[in-house]
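> for reference, the sequence and a predicted model appear below.
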Amino acid sequence: MTARGRPKKRGGGLSGGRFHHLLASLRGHHGPQHWWPAETPFEVMVGAVLTQNTAWTNVERAIANLRARRLLDAEAILAVPAEELADAIRPSGYFNIKAQRLRNLCAAYVEEGGHSGLARLDTAALRDRLLAVNGVGPETADDIVLYAFSRPVFVIDAYTRRILSRLGWIGGDEPYDELQGMVESVLTDDVGALNELHALFVAHGKEICRPRPRCEGCPLHTDCPQLGAEPY
DNA sequence: ACCCAGGGTCATA
DNA sequence: TATGACCATGGG
C-alpha cells in the first residue's frame, strides 16, 4: 500500500477532501484521541484480540488482571496454563476462545522474533503474517498494524461501517477488503491521520452515531442533532 | 427482559 | 460466495 492517485469523485461517493473535512470536524467535536489506549505495542496486540465484539470497559478489566498477574508478556502467556489465562481475561467475554487466540498470537510473535522481528516485514507481509494466526481477522490485524507498528492502514470496524453508511458514502455491506480499498484509494499514507480517523469514528459511534435511536439531524448525515449546524 | 459491545471461525449449501 | 451458529461478559 503506497501512495496512490486520487480519482476525483463527486456526488455521494468517497473523496480525500471529504475525509479530511470529516477528520477535522470530528476532531473539533471529540478532541484529540491519542490512541491506542495501551502502554506498549504488545499490549495493543493483546487488547486488539480481547476487544473483538466486546465493550472496551470489559477489556480494561481483563488487561488489568493480566498486568496484576504479570501476564502482559508473550512468553509468560505461553508458559501459563490455558485455564489460568482464560480466568484472567474472563471479564472480556469469550474467555476460552480468546485465551486460545492470545496463545496463537503469542506463539507467532515469539516465532517471528518479537516486535523487532515483525517490524522487519513490510506492511503487506506484516498484515499477512498476522492474518495467518487463527483468531486474528482483518480488523484485529489492522488494529495491530496501525497502532502497534505505526503503518498506514485504514481500519474498518462496525462504527466505521455505520457512520459511512449513514453518510451515504458507502453501501455498508461491502466485504472488508473492498471497503478498505475504497477508502485507502482516496486517503494519503499519513499514519497520524489514519490513527486519528479510526479513533474518532469509534468516539463518534459510541457517543452519537448509535444503532438506536437512529440519529435525526446529525450534520454527519443530515440526521444527527448533537453536533451543531455545520455539516461535516 | 431485552439490546449492544472497537470480530472471527467453522460448518453448510 | 454467503449465510447461520457459536463464543460469554457487563452496561444501558
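Good, I have the coordinates.
> quick one, helices of chain A?
A:16-30, A:41-50, A:56-68, A:74-79, A:82-88, A:95-111, A:114-119, A:123-131, A:138-147, A:158-167, A:176-184, A:191-207 (DSSP state H).
> wait, residue A:182 sits on residue A:175?
No. Counting by Cβ atoms under 8 Å, residue A:182 stays clear of residue A:175, with 10.6 Å between them. The C-beta positions use only the backbone N, C-alpha and C, and glycine is treated the same way.
> so those two - more neighbours on which side?
Neighbour count, other Cβ atoms under 10 Å: between residue A:182 and residue A:175, residue A:182 has more, with 17 against 10.
> how close does the closest residue to residue A:72 other than its chain neighbours sit to DNA strand B?
The shortest distance from residue A:72 to any non-neighbouring residue, by Cβ to Cβ, 6 or more residues apart in numbering, is to residue A:66 (5.1 Å). Separation of residue A:66 from DNA strand B (Cβ to the nearest atom of the strand, to the nearest Å): 16 Å.
> where does chain A dip in pLDDT?
Low-confidence segments of chain A, defined by pLDDT under 70: A:1-12, A:215-232.
> what parts of chain A come near DNA strand C?
Counting by Cβ under 7 Å from any atom of the strand, the positions of chain A adjacent to DNA strand C are A:53-55, A:57-58, A:61, A:90-98, A:175.
> of those, which are in range of DNA strand B?
A:53-55, A:58, A:93-94, A:97.
> could you list the domains of chain A?
A:16-33+A:155-227, A:41-147 (automatic domain parsing).
> give me the number of residues near the residue in chain A that DNA strand B sits nearest to?
Proximity of chain A to DNA strand B (Cβ to the nearest atom of the strand) peaks at residue A:137, 2.3 Å away. The number of residues packed near residue A:137 is 13, by other Cβ under 10 Å.
> residues contacting it?
Residues in contact with residue A:137 (Cβ atoms under 8 Å, 6 or more residues apart in numbering) are residue A:131.
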